[in-house]
Every structure is written in structure tokens, then in C-alpha cells.
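>>> the following block contains a protein sequence and its predicted model.
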There are 2 protein chains.
Amino acid sequence: MAEKVTSLQVAERAGVSQSAVSRVFTPGASASKKTVEKVRKAAEELGYRPNVLARAMVSGKSRIIGLVVAYLDNYFYPEALEILSNELQEKGYHVLVFMASQTAGNIDTVVEEILDYQVDGIVTASVALSSDISQRCQAAGVPVVHFNRVQEGAGVSYVTSDNFAGGKELAEFLIDGGHQRIAYIAGWEGASTQRDREAGFRKGLQQAGRDLFAREVGNFQTETARDAARRMFDVPVERRPDAVFVANDHMAFAVMDELRFGLGLKVPEDVSVVGFDDAPPASWRAYDLTTMRQRANLMVAETVDALLSHIETPASATPKQSAIHAPLILRGSARVPEGWANDKGTT
Amino acid sequence: MAEKVTSLQVAERAGVSQSAVSRVFTPGASASKKTVEKVRKAAEELGYRPNVLARAMVSGKSRIIGLVVAYLDNYFYPEALEILSNELQEKGYHVLVFMASQTAGNIDTVVEEILDYQVDGIVTASVALSSDISQRCQAAGVPVVHFNRVQEGAGVSYVTSDNFAGGKELAEFLIDGGHQRIAYIAGWEGASTQRDREAGFRKGLQQAGRDLFAREVGNFQTETARDAARRMFDVPVERRPDAVFVANDHMAFAVMDELRFGLGLKVPEDVSVVGFDDAPPASWRAYDLTTMRQRANLMVAETVDALLSHIETPASATPKQSAIHAPLILRGSARVPEGWANDKGTT
DNA sequence: TTGAAAGCGCTAACAG
DNA sequence: CTGTTAGCGCTTTCAA
């Protein structure tokens, strides 16, 4: 069997030095046409391919991006992961996955492990880093960008939707729809997405002289959200909200199920439900959820941008903090007021 | 800023040789209590952690597992990925993701790229390898295990559900339920899962002296499945199936939506629908899909097992080919015949 | 443009 | 048990 073919073997076969071979396979290097030809031929015959790890050792660039993610059952994340991986692959990078589920302190451990791989950059999704560990990355010269989370601190890069504006628009939409008892089911209170969406939502209500009619916490989890819905809606009709903003789609699905099948309510006739993310199932007709679209492709593009500019031009790179506009996607889970239409032609 | 701390620096500070430091951080190595202590202390103070890449170079073990996956929108895969990553992480390995979506020949390219990283093993999901590339892995001494796909060829490892038995049980279940016009919506015909599920299903029908009433191809894709459903069900009532097995849950969701919202049919009153995978949304009440559960945790455990035994004992390791029993999960999308009950207490 | 030589940070014999 | 000595496969000066 073939086993590893080294550049030295290729060199011998091509009748050139080992460094010549290296040059041929190094993007910005110089070699005569003749050499290139000989080397390529020999390499082909031997089935030679450069060892990325060896290259990483000497060049200091591993072309590996570490991804820290806590869960994949919010289907916004698999979607983003797929796009991210594809995009990076195109630029010659690859994604090393680190699940940060389990324990709490666990996540610091995980980042240490990432660093051990000499990754060129880190993107975090659905998790927050301790400032301690953030500094460790900084010290190691490894850029970090937070995906879908605002992270405090100087020099931190992150990419999110404009959650505040999104929450606000949702409030206006619901008010315009003639809803009188508008409620909110919150996500995990430690998350910036939760915080900003709620703040925006409250702001929108307040501007119309309204207040939240009810509020429960769903923690971004299916079961907890279901319980929240029950507490909120299993009450006498006069205390029952006629509209609810659920902080993300993942919870909204569970809430809709509970409303319809647990409590026998009709959506949107009895209650309007709106979510946030536009996770793929939101467009499934069983849910047909009106929601704010987080544009995964745009968000990922910005993330990759920020990452690569830090990696490839560490000097001039400045921390990037973007909040991408999230368009409202009108579907059937909420009454649509006169004069509202989709921002763009969409499902 | 700290920058890289090397074992040499630790050695100097601890007053020992560099190799002593290495030993302290190498699992199966020997060092006196005193040395260990001194080294650990120095390392701690300096914030030293071994460079995995350098270790990989000399040891030949990168502790990286390459994962090739084509898509993540069948939600069985994110679930599996999460489990896989967690399980490997526990054993000191990590997952490097390679999306093999785009082009067709693309997948060979992708595997080449994987090999460049000197991965210790490869798991493929939702893709097939050309025998060419399979051999290249073999030659490179990199074990491959196919997840959720049977792959022909000697010495190939794979882990699947018992798709044939599952298909067969579904046929029996539907027949027992008194269904008269039983149809099938196929997945991508190149997939072993598709092939085996259909074969089993047909076998079950045949044993009862029955035949498929209708068949369409959904290709494992949402839109295609929806079209298939329309072709199959948008017909005069006497030509309309009263039960359909959709080759996987991902398609089944689209089919159910089309039946209910596109054609105004009732599930299961007008049509019973069953799927395969028990992807998480199958238990969402909007679908409440009767399906065969692919036990992701078991499948992953077997995969990891096979992989690690090949990596850690290349000599004694024999190709593992397992077909794990898939239990029938009874829910509300299909009439339940007398005498049928869930294999296990489940949702 | 090319080859020789010096490492990247680490593990693994090999003596002691 | 410990230090010394070779490299792993590659990129990168440095002279030629």
C-alpha cells in the first residue's frame, strides 16, 4: 500500500530539490515552468499531496477554524453551520466542531482544547465566552467572532441580526393588527438575543402607549416553552392574550402545538403567534409562522469576512460588530393588518 | 501578550529537560512525582498547553476525525452530528466538517482534502464514496465508516438501521390496519437506505399477497416529495391510496403538509402516513408521525466503536457492518390496528 | 530560479 | 527515571 508520500520522494523522482517541490505547491512561490511541470508530473504519479499539518507547523497557519456551538436542535444553527462550512471550504479553510453542551464551566475547557489545535480563528454560536477565555484567545492571537450573540468587551467582533429593531417591528405589527392583549415568551435570559428582542418589543409597545399583557420564560427550550404557554394560556378567556411573540421559532413551534393541540385554540383566530429566526420549519405549512428572518447567508458572510480579515491582515483589522436587518416574513400565524406586506417576495 | 509557550520554555523554568516536559503531558509516559510536580507548576504559570499539531506530526496521530456530510436539512443528521461530536470529544478526538453538497465529483475532492489533514479516521453521512477514493483512504491507512449507508466492497465498515426489517414491519402494520391501497414515496434511488426500505416494504406486502398500489419518487427532497404527493393523491378518490409510506421523515413532513393543506385530506382519516427516522419533528404534535426510529445514539456509538478500534488496534480490527434494530414508534398519523403497541415506552 | 540548511514544537528511541 | 539525540514533513532564509 501507498502510505505517505513526502515531498522528498517527489523531489527525487522529479530530479529536483525538496524545496523546489515545496515551491511548486506553495501559492505565492516562484518556480520555472520546467520545474513546475516535472514536479507536478512526479507528484501526480506518486499521488502526492502536501501535509497540511506540517505546513501548519512551520507557517503558523493551520487553516482550521474552530466552531463552538451548544446545541443543534434550534434549526437555525444547522442551516448556519452548513453555510459557514461551505463558505470557508471555498476559501481553503475547514471547520473543527466543538460541542459545548454539557457542563457550564465546560465551555472554557472547550476553548482551551480548540486553542491546542492552533486554529486560525474561532466562531462561537449560541454560547458566551468568559472574558478570561476571551483574553486567552486574544493573547494567542486567535480572532474570535461571535455569531448571533452580542458580546460585551472592547475589541470583540460579533454578527447578529438587528434584534432590537426586529422586536420593535413585531410590536408595531401586532398592535396594527388590532391585538389588545399582547404577550411575550422569553428565551434564556442570559442571551443578548433574548434581551434585545424583548427590549425592542417593549419599546414598540410603549411607543403606542401599551404594555406587555403577560410574560413567561421559555428559556429557548421546547419543554420549558410549552409549560410557559400553558401557564400563559390555560386561563379564563378574559385573561388570555390575543397575541404572543415567542422569542425564537424553535420555541414558537412548541407553543403553537400546545395552543392548538393542548388547549384547543385556533391560530390565528384565537391567538396570533409570531416568532424570530425564520428557521426552516417556519415555512412548513403546519406552522406557517410569521416571523423575523435572520438572514443566515448574510450573517455568515459577515462572519467569514470578519474572521478572514483578522487572519489575513491582523494589522489593519478592526473589530467588526454588525447588526443585520431582519425582514418581517408574513405568513399565516398572525392576523395581517391592512397595509402590511412582505419586505421582499418570499414564502 | 503571551503568544505561544513551548515545552522548552516550561523545561527551563522547571529546571528539567524538554523531554521531561513532554513525558509529563504524554498519557502513557513515566516521570517521577517530583518532576511531574515541577513541570505542572511551571506549565501552569506559563499557561502552557501542548501543541496538538506538533504532536500529530511526530506521533502520526492527529486525533481529528473527518466528517463528510451532504446536507443538514434532514434533521436526523444534526442530531447525529451533535451526538457524534460529543462522543468523540469525550475520547479526545474532534470532528472536522466537510460539506459535500455542491457538485457531484466534488465529493472525491473533498475526501482528498480530508486526507491532507492527516485525519485518523473518516465518517461519511448521506454520501457514497467512489471505490477509487475508498481505496485511497485504505492505502493511506485511514479507516472509513459509513454512517446510515450500506457501502459495497470488502473491508468496508458501515452502520445503519435494519432498513429492510423496518420497511417490512411498516408494511405489516399498514396491512393490519386494514389499508387497501398502500403506496410508497421513494427517496433518492442511489441510496441504500431507500433501496432497503423499499425492498423490505415490498416484501412485507408480498407476504400478504399484496402489491404496491402506487409509487412515486421524492428523492429525499422537500419539493420533490411534495410534487410526488400531488401526483399520487390529486386523483379521483378511487385511485387514491389510503396509506403511504414515505421513505424518510424529512419528506413525510412535506407530504403531510401537501395532503392536508394542498389537497384538504385528513391524516389519518383519509390517508395514513408513516415515515422513517424519527427525526425530532416527528414527535411535534403538528405532525405526530408514526415512524421507525433510527436510534441515533446507538448508531453513533457503533460508529465511534468501529472507528476507534480501527485506529487504536489496526491489526485486530475487522470491518464492522451493523444494522441496528429500528423500533416502530406509534403516533397519530396512521390508524393503529388492534394488538399493536410501541416497542418501548416512548412519545 | 534553485539547492542547502535551519528549524516549527513535539515524541520516541537510546543510553545512562 | 532522565537527558541526549533524531527526526515527523514542510516552509523559508540564504547563497549561489
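That came through, no problem.

>>> my read: A:N148 touches A:V123, true?
No - taking contacts as Cβ atoms under 8 Å, A:N148 lies outside contact range of A:V123: 9.9 Å. C-beta here means a position set from N, CA and C on the backbone, and glycine is covered the same way.

>>> neighbour count: those two, which is higher?
Neighbour totals were compared for A:N148 and A:V123, and A:V123 leads with 29 against 26 (other Cβ atoms under 10 Å in any protein chain shown).

>>> tell me the helix or strand right after the strand or helix carrying the more buried one.
Using DSSP states H and E, A:V123 sits in strand A:121-125. For strand A:121-125, the succeeding helix or strand toward the C-terminus, using DSSP H and E, is helix A:131-139.

>>> name the residues that touch the following helix or strand past that next one?
Under the assignment DSSP H and E, the closest C-terminal helix or strand after helix A:131-139 is strand A:144-147. Applying Cβ atoms under 8 Å, 6 or more residues apart in numbering or on different chains, the contact partners of strand A:144-147 are A:80, A:84, A:121-125, A:128-129, A:134, A:137-138, A:156-159, A:299-300, A:303, A:306-307, A:320.

>>> recalculate using a threshold of 7 Å.
Contact with strand A:144-147 is made by A:80, A:122-125, A:134, A:137, A:156-159, A:299, A:303, A:306-307, as judged by Cβ atoms under 7 Å, 6 or more residues apart in numbering or on different chains.

>>> what does stretch A:8-23 give?
By Cβ under 7 Å, 6+ apart, stretch A:8-23 touches A:7, A:29-31, A:35, A:38-39, A:42-43, A:46, A:48.

>>> near DNA strand D too, which of those residues?
Residues of the contacts of stretch A:8-23 in contact with DNA strand D (Cβ under 7 Å from any atom of the strand): A:7, A:29, A:48.

>>> list the helices and strands the strand or helix carrying A:M251 packs on?
Element membership for A:M251, per DSSP H and E: helix A:249-257. For helix A:249-257, the packing partners by 3 or more Cβ pairs under 7 Å, 6 or more residues apart in numbering or on different chains; DSSP states H and E come out as helix A:222-233, strand A:272-277.

>>> what do you get if the cut-off is 8 Å, keeping everything else the same?
The contact analysis (3 or more Cβ pairs under 8 Å, 6 or more residues apart in numbering or on different chains; DSSP states H and E) places helix A:249-257 against helix A:222-233, strand A:243-246, strand A:272-277.

>>> make a markdown table out of the ones you listed and add mean pLDDT.
Listed next are these as a markdown table, based on pLDDT from 0 to 100:
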| stretch | mean pLDDT |
| --- | --- |
| helix A:222-233 | 98 |
| strand A:243-246 | 98 |
| strand A:272-277 | 98 |
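
>>> would you list every one of the helices in chain A?
A:7-14, A:18-25, A:33-46, A:52-59, A:76-90, A:106-116, A:131-139, A:163-176, A:192-207, A:222-233, A:249-257, A:296-312 (DSSP state H).

>>> need the winner for burial among these.
Greatest average neighbour count among these goes to helix A:249-257 (a mean of 27), per mean count of other Cβ atoms under 10 Å in any protein chain shown.

>>> which residues touch that helix?
Against helix A:249-257 from outside (Cβ under 8 Å, 6+ apart): A:73-76, A:185, A:187, A:218, A:220-223, A:225-226, A:228-229, A:244, A:246, A:267, A:273-279, A:281-282, A:287, A:289, A:291, A:333, B:284-286.

>>> restrict it to CA atoms and write it as CSV.
Extracted in CSV, the C-alpha atoms of helix A:249-257 (Å, rounded to 0.1, in the frame of the first residue of the first chain):
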residue,chain,number,x,y,z
ASP,A,249,-39.0,30.0,16.3
HIS,A,250,-37.8,26.9,17.9
MET,A,251,-39.9,27.7,20.9
ALA,A,252,-42.7,29.1,18.8
PHE,A,253,-43.3,25.7,17.2
ALA,A,254,-43.8,24.1,20.6
VAL,A,255,-46.0,27.0,21.7
MET,A,256,-48.2,26.6,18.6
ASP,A,257,-48.6,22.9,19.2
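
>>> and the angle for it with helix A:76-90?
Helix A:249-257 and helix A:76-90 are oriented at 150 degrees to each other (axes from the mean of the first three to the mean of the last three Cα atoms, to 10 degrees).

>>> tell me the angle of helix A:249-257 relative to helix A:222-233?
Per the same axes, to 10 degrees, the angle that helix A:249-257 makes with helix A:222-233 is 50 degrees.

>>> and which of the contacts of strand A:144-147 is nearest DNA strand C?
A:C137 (17.0 Å; Cβ to the nearest atom of the strand).

>>> pLDDT score for the closest one?
With respect to pLDDT, A:C137 scores 88.

>>> how many other residues sit next to the closest residue to it other than its chain neighbours?
Spatially, and ignoring its direct neighbours in sequence, A:C137 is nearest to A:V144 (5.1 Å; Cβ to Cβ, 6 or more residues apart in numbering or on different chains). Counted with other Cβ under 10 Å, residues neighbouring A:V144 total 26.

>>> contact residues of the stretch 151-300 of chain A facing chain B?
In this structure, the stretch 151-300 of chain A approaches chain B at residues A:253-254, A:256-258, A:260-262, A:280-281, A:284-287, judged by Cβ under 8 Å from any Cβ of the partner chain.

>>> give me the buried entries from those residues.
Using 16 or more other Cβ atoms under 10 Å in any protein chain shown as the burial test, these include A:253-254, A:256-258, A:260, A:262, A:280-281, A:284-287 as buried.

>>> let me have the residues you listed in JSON lines, extended by pLDDT and distance to DNA strand D.
Compiled in JSON lines, these are given as follows (pLDDT from 0 to 100; distance: Cβ to the nearest atom of the strand, whole Å):
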{"residue": "A:F253", "pLDDT": "98", "distance to DNA strand D": "48"}
{"residue": "A:A254", "pLDDT": "98", "distance to DNA strand D": "50"}
{"residue": "A:M256", "pLDDT": "98", "distance to DNA strand D": "54"}
{"residue": "A:D257", "pLDDT": "98", "distance to DNA strand D": "54"}
{"residue": "A:E258", "pLDDT": "98", "distance to DNA strand D": "57"}
{"residue": "A:R260", "pLDDT": "98", "distance to DNA strand D": "59"}
{"residue": "A:G262", "pLDDT": "97", "distance to DNA strand D": "60"}
{"residue": "A:P280", "pLDDT": "98", "distance to DNA strand D": "40"}
{"residue": "A:P281", "pLDDT": "98", "distance to DNA strand D": "45"}
{"residue": "A:W284", "pLDDT": "98", "distance to DNA strand D": "47"}
{"residue": "A:R285", "pLDDT": "98", "distance to DNA strand D": "52"}
{"residue": "A:A286", "pLDDT": "98", "distance to DNA strand D": "52"}
{"residue": "A:Y287", "pLDDT": "98", "distance to DNA strand D": "50"}
